[in-house]
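Undergrad: Build the 3D model from these lines:
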Amino acid sequence: MSRSAASGSGKKEGRRSQRRSRSRTSRYARSEPLAAAESRKRRALPPEARRAAILSAALEEFTARGYEGARLDDVAKRAGVAKGTIYLYFADKETLFQELVRSMVSPVLGTLEQIPKADISARLLIETLLKTFVREVYGTRRRDIIRLILSEGPRFPAIAEFYYREVIARVLAILRPILKRAAARGELPDDALARFPQLIVAPMLVAIMWHGLFDKFDPLDVDAMARAHVGILFAGRPR
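TA: Numbers count the residues shown, from 1 in each chain. Purely as a prediction, here's the structure:
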């Protein structure tokens, strides 16, 4: 190759190298303002919106990694905030988990606590409870919270105790007096449901476990199962 040809080839390669470098620089320059804009947008969120973003990210992390595996660093990254921002709202991981549970179950419990307890029949109570469960728990991400409690509660008694106190005890407090009254009035075959109201929601817990394990092999019609359960509980009883 002649000296002039080699020189021309070198110049062409140099120009190509410069174009590649400018292209990389341009892409970086475009991405950097976007990242900065996103960061500014997150910092500008109202405190309640930032708190909601952290809770949403916590749900994803707890669901994906379990209670023990979830890290506040990853929650912060998923929420798009600094880790220190989490501590402005939540003291630690346990507090974050507790507030996540409260934020998700409080609307459902509020609905149940508005049931007119003095006038409702046992059958209508149970139908309302199961319909609410299918729609507001099984049909939403709330079922992930229950699945998490079932899997992690034995290893972390504190979160099991918290869930019992905040959710289960409140539901039982709604059910027990109505079921006792229904048994005394002859609405129930006996007092078994009043003594063991856990039987009412047992099929719903089965549905949640079934969904996580077997639903892709044999999908479950949970709404139909809930209606069948009510029929079994009140077999031979007038509506």
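Undergrad: those helices in the protein, which residues are they?
TA: Under the criterion DSSP state H, the chain contains helices at 3-43, 47-69, 72-79, 83-86, 93-113, 122-133, 142-152, 157-163, 169-185, 192-195, 198-213, 222-233.
Undergrad: how about these in JSON lines, adding mean pLDDT and mean neighbour count?
TA: For the C-beta atoms, the positions are set from N, CA and C on the backbone; glycine is no exception. Shown next, in JSON lines, are these (pLDDT from 0 to 100; neighbours: other Cβ atoms under 10 Å):
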{"stretch": "helix 3-43", "mean pLDDT": "52", "mean neighbour count": "10"}
{"stretch": "helix 47-69", "mean pLDDT": "94", "mean neighbour count": "17"}
{"stretch": "helix 72-79", "mean pLDDT": "96", "mean neighbour count": "18"}
{"stretch": "helix 83-86", "mean pLDDT": "94", "mean neighbour count": "16"}
{"stretch": "helix 93-113", "mean pLDDT": "91", "mean neighbour count": "17"}
{"stretch": "helix 122-133", "mean pLDDT": "92", "mean neighbour count": "19"}
{"stretch": "helix 142-152", "mean pLDDT": "94", "mean neighbour count": "18"}
{"stretch": "helix 157-163", "mean pLDDT": "95", "mean neighbour count": "15"}
{"stretch": "helix 169-185", "mean pLDDT": "91", "mean neighbour count": "16"}
{"stretch": "helix 192-195", "mean pLDDT": "93", "mean neighbour count": "17"}
{"stretch": "helix 198-213", "mean pLDDT": "95", "mean neighbour count": "16"}
{"stretch": "helix 222-233", "mean pLDDT": "95", "mean neighbour count": "15"}
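Undergrad: From the structure, what's the count of residues near I168?
TA: I168 sits with 14 neighbouring residues when counted by other Cβ atoms under 10 Å.
Undergrad: could you list every residue that touches it?
TA: Not one residue lies near I168 by Cβ atoms under 8 Å, 6 or more residues apart in numbering.
Undergrad: now L125
TA: So L125 contacts 115, 175, 178-179, 182 (Cβ under 8 Å, 6+ apart).
Undergrad: domain assignment for this protein?
TA: 3-86, 93-233 (automatic domain parsing).
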